[in-house]
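Asker: give me a 3D structure for the following:
(one chain, ligands or ions: 2)
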Amino acid sequence: MIEVRELRKTYREVHALRGIDLSIAATGQIIGLLGPNGAGKTTLVEILEGLRTASSGSVSVLGLDPSRASGALRARIGVQLQTTAFMNDLTVMETLKLYAALYPQSIRLKVDTTRIQSVLQRVDLVDKAKATVRGLSGGQRQRLAVAMAMLHDPDLYILDAPTSGLDPIARRQIHDILAALKADGKTILLSSHYLDEIEALADRVIILAAGQIVADGTPLDLLARAAGASTLWLEVSGAIDPSQLVPQATFEGRDGSLFRYRTTDPTAAIVGLADSLRTSGAQLDDLRLKRPSLEDVYLQLVGAA
Ligand code: ADP
Ligand code: MG
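Answerer: Ligands and ions are numbered 1, 2, ... in the order given. Down below sits the predicted model:
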């Protein structure tokens, strides 16, 4: 679906993309494009959409070169840009009809009122069909932007940070829409700077940092790259030496009333803890365990870049 080789993009002295190689073949997947602000996510997706031109390298989307065949390509992909300029005085229905009217006739004929109604249902805006865009909440506007991308029922979606700046409930509503698209077999390239949503939604995670891909794999692949240390917190009453309490973990210090340990083998650490509690007669008041998270991997990779 997408083939990118040695892609570079330079804005005057800014090297926004420094040699990107990317191949997306599978359908029915959500591919998360993750990276901090300025990493190059928007530059990359807008080159894929034919809205920006590459400085060098080759790009193919659905077998087309976006810089030459952007019209033909846009008929086949669903795009939601980082910011959508709405016409505030149009209603939701008028907005969708207007966008449908912009397509060539072959597509326009398929985007009839029935299709628009079904899209409105999918993004849960049926109640708002007659409301003006001006009166929509941030989340409703973003759902409308996704609806605009869905009108012509494309197989490939390229969505640039659709949940950016939304509250958790509004973000969840977008997540549900994307999960439903995926269940229909659509492929979605989803950029985001929220780790939790990529961890929850994406089948494959591509981490972009400073214009380069620093990781590419399933969320589990990436977790396996974490240094592997879990954190263990214990609250214990009794006269004990915290540094001797868990032989299989390294005592790191205190967080309030909790002792903090690092261990690569939490099971062994907890078995060892049980032994030392039994021999010392100390009492365990609280125990918390945190496995390495995608966030740990992300911070390592992005920090290094
Ligand atoms: P992201 O979407 O990951 O935040 P961008 O692709 O927007 O990243 O930006 C990547 C880098 O390119 C940043 O340093 C940004 O300032 C720069 N940049 C992006 N667009 C332009 C532009 N039109 N002109 C000049 N510099 C740009
Ligand atoms: Mg961006």
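Asker: ok, residue 149 - contacts?
Answerer: 78-80, 157, 159 (CB atoms under 8 Å, 6 or more residues apart in numbering). In short, each C-beta sits where N, CA and C put it, glycine included.
Asker: how about residue 21?
Answerer: Applying CB under 8 Å, 6+ apart, the residues contacting residue 21 are 4-7, 213.
Asker: which of those residues are buried, as a PyMOL select command?
Answerer: To isolate the buried subset of these in PyMOL, counting by 16 or more other CB atoms under 10 Å, use the following:
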select buried, resi 4+7+213
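Asker: just checking, which of the contacts of residue 21 belong to strands?
Answerer: 4-7, 213 (DSSP state E).
Asker: name the residues of the protein found near ligand 2, please.
Answerer: Neighbours of ligand 2 within the chain, by CB under 5 Å from the ion: 41-42, 82.
Asker: phi, psi for the closest residue to residue 52 other than its chain neighbours please.
Answerer: By the measure of CB to CB, 6 or more residues apart in numbering, the closest residue to residue 52 outside its immediate chain neighbours is residue 46, 4.4 Å from it. When quoted as degrees, to the nearest 10, the phi and psi of residue 46 stand at phi -70, psi -20.
Asker: quick one: name the residues of the stretch 51-200 of the chain near ligand 1.
Answerer: With CB under 6 Å from any ligand atom as the criterion, the stretch 51-200 of the chain does not meet ligand 1 at any residue.
Asker: what residue in the stretch 51-200 of the chain comes nearest to ligand 2?
Answerer: Using CB to the ion, residue 82 is the residue of the stretch 51-200 of the chain that sits closest to ligand 2, at 4.9 Å.
Asker: that residue is in contact with residue 160, isn't it?
Answerer: Yes: the criterion here is CB atoms under 8 Å, and residue 82 meets it with residue 160 at 4.4 Å.
Asker: between the two, which is the more surrounded one?
Answerer: residue 160 (23 against 14; other CB atoms under 10 Å).
Asker: contacting residues around that one?
Answerer: For residue 160, counting by CB under 8 Å, 6+ apart, the contacting residues are 41-42, 45-46, 80-82, 191.
Asker: let me know the pLDDT of it.
Answerer: According to the prediction, residue 160 has pLDDT 94.
Asker: kindly report the same for residue 291.
Answerer: Reported pLDDT for residue 291: 82.
Asker: could you check how far it is from residue 254?
Answerer: 21 Å (CB to CB, to the nearest Å).
Asker: touching the helix or strand harbouring residue 269 from outside, list them.
Answerer: Element membership of residue 269 [criterion: DSSP states H and E] is helix 266-280. With contact meaning CB under 8 Å, 6+ apart, helix 266-280 is reached by 230, 232, 234, 236, 238, 240, 244-249, 261, 263, 282-284, 287, 289, 291.
Asker: among the residues you listed, which are in strands?
Answerer: 230, 232, 234, 236, 261, 263, 283-284, 287, 289.
Asker: mind checking which of those are buried?
Answerer: Counted by 16+ other CB under 10 Å, those give 230, 232, 234, 236, 261, 263 as buried.
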